[in-house]
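Chemist: just to be clear, the model below is a prediction. Sequence and coordinates:
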Amino acid sequence: MSICSLRVMKKRLLTVVLLAALVACGDSAPTGTAITNVTVIDAVNGVRENQTVIFDGDEITAIQPADVEIAVNEIVDGGGKFLIPGLWDFHVHLTYDDRFTESMPAVFLSYGITSVRDTGGLMHKVLPVVEEMRADNAIAPRVFFAGPLLDGNFVVYDGDGRPEIGVQNQTPDDARETIAILKERGVDFIKIYEMVSPAVFEAMVEAANELDLPIDSHVPLSMRASTAGPLVDSIEHLRNIEMDCASNSPELHETRLERLKNAEGLSGADLRSSLHTLQRLPSIRNYDEERCDQTLQALSATTQVPTLRLVSMSYAPPYLREDWQEALSRLPPEAAGPWREFTEERKANIPADVDTTYADWGLFLTGRAHAAGVPIGAGTDTPIAFAVPGYSLHSELEFLVRAGLTPLEALQSATVRPAEYFSLQNEMGSIDVGKKADMVLLNANPLEDISNTKSVSAVISKGRLMTKSDLDGLVENNKSL
Ligand SMILES: [Zn+2]
């Protein structure tokens, strides 16, 4: 066979030899990158050993047994390593705290997070960040965003003592107008918040459906989870579901409706927290299995994003973990410094007995929901409550396994489920030919121990290969922005 007819090469040959030969023959050089001898793991295909995965630009172009010949211009030895789809953090706030915003894309990538869903930020703040992350050649995760929290007559996140990320919708007409504007400005979904009335909620659902926008929501305090849940595509934090699982849920609902008239004139935030204080723990104490089965059945097509790393945090606070300091070191000093100080103080004053009722409930309900076939999504609320971007997603995966998901199901919650939410399951979520080139190469097997998802060897984001040292450099550069 003459060198000019050579179209394929054994992977052990030097790529440059082939390139030179093909260029000399006036042929175009092979393109693409191959990860060879790797174990491929995803929630669609399970485990595939001894594979070569080739990607070219932002597309996976071949998956084949490792001994099949290949023609590429770059080879990564995946021997002894594990390749999983790029991870999602399905609940982030890019603009919640300005000290984090600039550094978040790089820190996410360094932990293998290649897609994020921003679940609340005012448009004038979040839109420029989204545009920057989506610019050609931007080194950043894919981003999907909702714009502001769509709140009701009272607004929880109104900028008074907490960030301003919510907007008021007093009437159904307000709601329709807000959503039409958001759609025009390019949001990927909407986020309904806790203080909306049933009429405003219904108008929001109707408007979003008409405009083909997926709906994310908290269960509004004016409604019950089994009524509101089936009308939306995802629910966050398991919030207010406990009230629908209680034996006295109809009475609890009546009480809430009365209190929501807000005779005392409380702020949105105070009104909400007064209702949580009044009903959350009593609801858990009044847990009724049969009623909760009905609730979970009503939620069977609504992705639950339990954010267990937040809800059940008392079991494994980030600042008590051995790799917490290393995680903090990836953040800019103005973000890491105050957290380091605050958490050192906390560590020194940990109370002897922490009430874990709510933490237990979160784990329990997630396990039950999963067993009942409710789809589970992995999100963290970063950077709220000491959630280092990216790092917190790995904590969430650990919590999901603790709640009863297998490691592969936990991976599904951070890959396939988010893709399905945006109807992108044909483009993302698994390692298949034709899908986007978002992948994470791990040094250790995540199915043996889910915390091995942190053993990042390389990340492929939108077809860009970044080794561990590339990622470290990226994080360092971003710290000084
Ligand atoms: Zn949030």
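Modeler: Great, that's in hand. Residues are numbered from 1 along each chain as shown.

Chemist: sec struct for residue 83, please.
Modeler: Under DSSP: H, G, I helix; E, B strand; the rest coil, residue 83 falls in the strand class.

Chemist: hmm, it is touching residue 440, no?
Modeler: Yes - the pair formed by residue 83 and residue 440 meets the contact definition of CB atoms under 8 Å, at 7.3 Å. In short, each C-beta sits where N, CA and C put it, glycine included.

Chemist: any stretches of the protein with poor pLDDT?
Modeler: For the chain, applying pLDDT under 70 flags the ranges 1-27, 480-481.

Chemist: residue in it nearest to the ion?
Modeler: Residue nearest to the ion within the chain: residue 381 (4.4 Å; CB to the ion).

Chemist: please report phi then psi for that residue.
Modeler: phi 70, psi 20 (degrees, to the nearest 10).

Chemist: with residue 330 instead?
Modeler: Main-chain torsions, residue 330, degrees, to the nearest 10: phi -80, psi -10.

Chemist: show me what contacts the residue nearest to residue 99 when sequence neighbours are not counted?
Modeler: Distances taken as CB to CB, 6 or more residues apart in numbering place residue 335 nearest to residue 99, at 4.2 Å, with adjacent residues excluded. Shown in contact with residue 335 (CB atoms under 8 Å, 6 or more residues apart in numbering): 97, 99-100, 103, 383.

Chemist: taking those residues, tell me the two that lie furthest apart.
Modeler: Largest separation among the contacts of residue 335 by CB to CB: 97 and 103, giving 10.9 Å.

Chemist: so for these two, which sits in the more crowded spot?
Modeler: Remark: of residue 97 and residue 103, residue 103 carries more neighbours, 23 against 14, as counted by other CB atoms under 10 Å.

Chemist: on that earlier part again, from the contacts of residue 335, pick the one nearest residue 31.
Modeler: residue 103 (32.5 Å).

Chemist: let me see the contact set for the closest one.
Modeler: Taking CB under 8 Å, 6+ apart as the test, what residue 103 contacts is 330-332, 335, 389, 475, 478-479, 481.

Chemist: try it again at 10 Å.
Modeler: Each residue near residue 103 by CB atoms under 10 Å, 6 or more residues apart in numbering is listed here: 330-332, 334-336, 383, 389, 475, 477-481.

Chemist: CSV for those, including distance to residue 413 and secondary structure?
Modeler: As requested, the contacts of residue 103 are exported to CSV (distance: CB to CB, whole Å; DSSP: H, G, I helix; E, B strand; the rest coil):
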residue, distance to residue 413, secondary structure
330, 24, coil
331, 25, coil
332, 29, coil
334, 32, helix
335, 27, helix
336, 28, helix
383, 21, coil
389, 18, coil
475, 25, helix
477, 31, helix
478, 27, helix
479, 30, helix
480, 34, coil
481, 31, coil
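
Chemist: would you mind listing what in this protein touches the ion?
Modeler: With CB under 5 Å from the ion as the criterion, the chain comes near the ion at residues 119, 381.

Chemist: at 8 Å instead, please
Modeler: Proximity of the chain to the ion is confined to 91-93, 96, 119-120, 236-237, 307, 379, 381, 384 under the rule CB under 8 Å from the ion.

Chemist: among the residues you listed, which pair sits farthest apart?
Modeler: The farthest-apart pair in those, when distances are taken by CB to CB, is 96 and 237, at 15.0 Å.

Chemist: buried residues in stretch 366-386?
Modeler: Buried residues in stretch 366-386, counted by 16 or more other CB atoms under 10 Å: 366-370, 374-384, 386.

Chemist: CA atoms of that stretch as CSV?
Modeler: Taking Å, rounded to 0.1, in the frame of the first residue of the first chain, the C-alpha atoms of stretch 366-386 are listed here in CSV:
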residue,chain,number,x,y,z
THR,A,366,-35.8,12.2,47.8
GLY,A,367,-35.4,8.5,48.3
ARG,A,368,-39.2,8.0,48.2
ALA,A,369,-39.6,10.2,45.2
HIS,A,370,-36.9,8.4,43.3
ALA,A,371,-38.5,5.0,44.2
ALA,A,372,-41.8,6.3,43.0
GLY,A,373,-40.3,7.1,39.6
VAL,A,374,-40.1,10.9,40.0
PRO,A,375,-37.2,12.3,37.9
ILE,A,376,-34.4,13.8,40.0
GLY,A,377,-32.2,16.6,38.9
ALA,A,378,-28.8,17.6,40.5
GLY,A,379,-28.6,21.2,41.4
THR,A,380,-26.9,23.1,44.2
ASP,A,381,-28.0,26.8,44.5
THR,A,382,-24.3,27.8,44.2
PRO,A,383,-22.9,30.2,45.5
ILE,A,384,-25.6,30.4,48.2
ALA,A,385,-24.7,28.9,51.6
PHE,A,386,-21.0,28.0,51.1
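
Chemist: filter the contacts of residue 103 down to the buried ones, ChimeraX style.
Modeler: Typed into ChimeraX, the line below selects the buried ones among the contacts of residue 103, using 16+ other CB under 10 Å:
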select :330,331,332,335,336,383,389,475,478,479
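
Chemist: same list, the contacts of residue 103, but as JSON lines with distance to residue 190 please.
Modeler: Formatted as JSON lines, the contacts of residue 103 follow (distance: CB to CB, whole Å):
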{"residue": "330", "distance to residue 190": "32"}
{"residue": "331", "distance to residue 190": "30"}
{"residue": "332", "distance to residue 190": "31"}
{"residue": "334", "distance to residue 190": "32"}
{"residue": "335", "distance to residue 190": "29"}
{"residue": "336", "distance to residue 190": "33"}
{"residue": "383", "distance to residue 190": "22"}
{"residue": "389", "distance to residue 190": "23"}
{"residue": "475", "distance to residue 190": "32"}
{"residue": "477", "distance to residue 190": "35"}
{"residue": "478", "distance to residue 190": "30"}
{"residue": "479", "distance to residue 190": "34"}
{"residue": "480", "distance to residue 190": "36"}
{"residue": "481", "distance to residue 190": "31"}
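
Chemist: among the contacts of residue 103, which two are most distant?
Modeler: Pairwise distances across the contacts of residue 103 peak at 19.5 Å for 383 and 477 (criterion: CB to CB).
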